[in-house]
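Engineer: when you get a sec, could you give me coordinates for this:
(one chain, ligands or ions: 1)
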Amino acid sequence: MEKMYFDHAATSPVHPEVIEVVYEAMKNHYGNASSIHNFGRDSRRIVDNARIVFAESIGAKPSEIIITSGGTESDNTAIIETALKRQQDGKHIITSVVEHHAVLKPMEYLEKLGFEVTYLPVNEKGQVDPIMVEEALRPDTILVSIMYANNEVGTVMDIAEIGTLIEASESTAYFHTDAVQAYGTEEIDVKRDHIDLLSISGHKINGPKGIGFLYVKETIFLPSFMLGGEQEKKRRAGTENIPAIAGLQKAVEIIQPQRENRKERHRELRKQLIEELTQKEIEFEVNGNTAKQLDHIVSVWFKNVSAEQLLMSLDLRGIAVSSGSACTAGNIDPSHVLIAMYGEKNPIVAETIRISFGLGTTSEQISYLAEQLATISLRLKK
Ligand SMILES: Cc1ncc(COP(=O)(O)O)c(C=O)c1O
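Structural biologist: A predicted model of the protein is given here:
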């Protein structure tokens with residue numbers, strides 16, 4: 001049985017060229033980048049070069065990039081360090097109800113410390129209204145954190161508009177965006193969109209796991225989230241993970257020039273999947289905002305079919321999809337994103353699966369998936 005992977009939004013396969021770079025770096029570049037000898041300088045060069053590539057990919061300066069262990073650390077650092085640093089300026093933060101838990105949990109933590117968090121709702125397409133962000137701003141607002149694109153339904157937020165509104169307002173709030181899912185297909189430009197802090201993760205773009213970066217605008221200094229060494233100009237303690245950094249650089253170098261092509265390819269695969277499901281005359285609907293969408297994430301509601309059962313039946317046939325957010329693995333709580341979009345009682349919440357594709361996904365695989373989805377969903381239908 002051929003195994004088929006449609007869970008690229010949870011994590012993506014590592015590109016073969018990235019594996020080679022990681023292996024080479026692990027074998028040959030083991031010096032500590034903080035050491036002043038030849039071995040250390042060799043590793044330092046790898047970090048410096050990678051930083052330039054990371055910065056260019058989002059329109060930033062190399063000095064504005066802090067290399068981290070991934071999306072979670074970047075989000076935690078941006079949110080918690082901003083709050084702790086700016087508490088004299090105010091204790092109000094704005095975010096949305098559909099953020100990843102790497103954003104929502106730090107918010108809950110800050111609430112326990114006495115901060116006040118405004119959780120903005122979304123509409124049925126999963127979109128945050130930029131005007132609501134503007135209206136929620138207060139003189140004591142120190143941070144706005146709205147994700148670039150949602151990991152469960154793929155909705156792309158109006159980040160440029162939100163950034164511009166905050167910039168034009170009297171507010172001094174920093175604007176953070178979790179761009180973990182968007183990076184790799186969306187054209188991100190932190191200066192154009194007035195973004196102060198931005199989180200990226202390597203494993204969503206065919207890079208290694210446990211590596212990512214945080215963009216911090218040059219006028220902002222955030223203290224290190226972890227305490228220890230003085231790496232990353234005192235902004236992130238811990239010995240640099242050279243193989244992962246080199247691997248992420250390679251992943252970025254591969255993906256950046258292919259961004260438009262990848263987008264186009266994702267669009268075609270998405271269209272094919274929806275067309276083939278339609279031909280099979282099963283009852284389904286696609287969730288999210290089809291007009292502003294990450295095309296590689298297809299959140300589908302199969303009416304009267306339990307998502308958990310559908311997922312397990314597909315798994316028995318070697319097909320991997322996800323129900324809700326697979327980032328909180330093992331967690332079968334209903335999706336907070338679907339609840340925010342449709343309400344707790346709506347059957348969509350328990351009857352939606354997320355199909356996400358990427359490197360290695362073929363048109364033949366999509367046809368097979370559509371066939372299996374049709375057969376299984378008809379069988380499972382209540
Ligand atoms: C939107 C979003 N933010 C943050 C994360 C966490 O990133 P990481 O797994 O690199 O910690 C994920 C997925 O894992 C995500 O989808």
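Engineer: CA atoms for contacts and neighbours, from now on please.
Structural biologist: Noted.
Engineer: what segments of the chain are strands?
Structural biologist: Using DSSP state E, the strands assigned to the chain run over residues 4-5, 65-68, 92-96, 116-120, 141-145, 174-178, 197-201, 212-216, 284-287, 297-302, 319-320, 352-356.
Engineer: looks like Ala244 contacts Val22 (just checking).
Structural biologist: Yes: Ala244 lies in contact with Val22 (CA atoms under 8 Å); the separation is 6.3 Å.
Engineer: right, is stretch 125-134 up against the ligand?
Structural biologist: No: judged by CA under 6 Å from any ligand atom, stretch 125-134 and the ligand are separated, with a smallest distance of 13.5 Å.
Engineer: buried residues in that stretch?
Structural biologist: Applying a neighbour-count criterion of 16 or more other CA atoms under 10 Å, the buried positions in stretch 125-134 are 125-130, 133-134.
Engineer: and the pLDDT for Ser69?
Structural biologist: For Ser69, the model assigns a pLDDT of 98.
Engineer: could you pull up the contacting residues of it?
Structural biologist: Residues touching Ser69, when contacts are defined by CA atoms under 8 Å, 6 or more residues apart in numbering, comprise 201, 210-213.
Engineer: and the closest residue to Gln127 other than its chain neighbours, what's its pLDDT?
Structural biologist: Once flanking residues are discounted, Gln127 sits nearest to Met157: 5.9 Å by CA to CA, 6 or more residues apart in numbering. At Met157, the predicted lDDT confidence score is 98.
Engineer: which residues touch stretch 128-141?
Structural biologist: 89-94, 96, 118, 120-123, 157-158, 161-162, 165-166, 169-173.
Engineer: of the residues you listed, buried ones?
Structural biologist: Members of the contacts of stretch 128-141 classed as buried by 16+ other CA under 10 Å are 90-94, 96, 118, 120-122, 157-158, 162, 165-166, 171-173.
Engineer: right, and Lys280 touches Ala374 too?
Structural biologist: Yes: applying CA under 8 Å, one finds Lys280 in contact with Ala374, separated by 6.5 Å.
Engineer: more neighbours, the two?
Structural biologist: A side-by-side neighbour count of Lys280 and Ala374, using other CA atoms under 10 Å, places Ala374 first with 21 against 13.
Engineer: got the contact list for that one?
Structural biologist: By CA under 8 Å, 6+ apart, the contact list for Ala374 reads 277, 280, 282.
Engineer: how close does the closest residue to the first one other than its chain neighbours get to the ligand?
Structural biologist: Taking CA to CA, 6+ apart as the measure, Leu277 lies nearest to Ala370, with 5.7 Å between them; neighbours along the chain are not counted. Between Ala370 and the ligand the distance is 25 Å, computed by CA to the nearest ligand atom, to the nearest Å.
Engineer: got the contact list for Ala370?
Structural biologist: Under the contact definition (CA under 8 Å, 6+ apart), the residues listed for Ala370 are 273, 276-277.
Engineer: the closest residue to Val286 other than its chain neighbours pairs with what?
Structural biologist: Across the structure, with CA to CA, 6+ apart as the measure, the residue nearest Val286 apart from its sequence neighbours is Val300 (4.6 Å). Under the criterion DSSP bridges, Val300 forms beta bridges with Val286, Ile353.
Engineer: what's around Val300, how many residues?
Structural biologist: The tally of other residues near Val300 (other CA under 10 Å) stands at 21.
Engineer: for it, list the residues it contacts.
Structural biologist: Residues touching Val300, when contacts are defined by CA under 8 Å, 6+ apart, comprise 284-287, 352-355.
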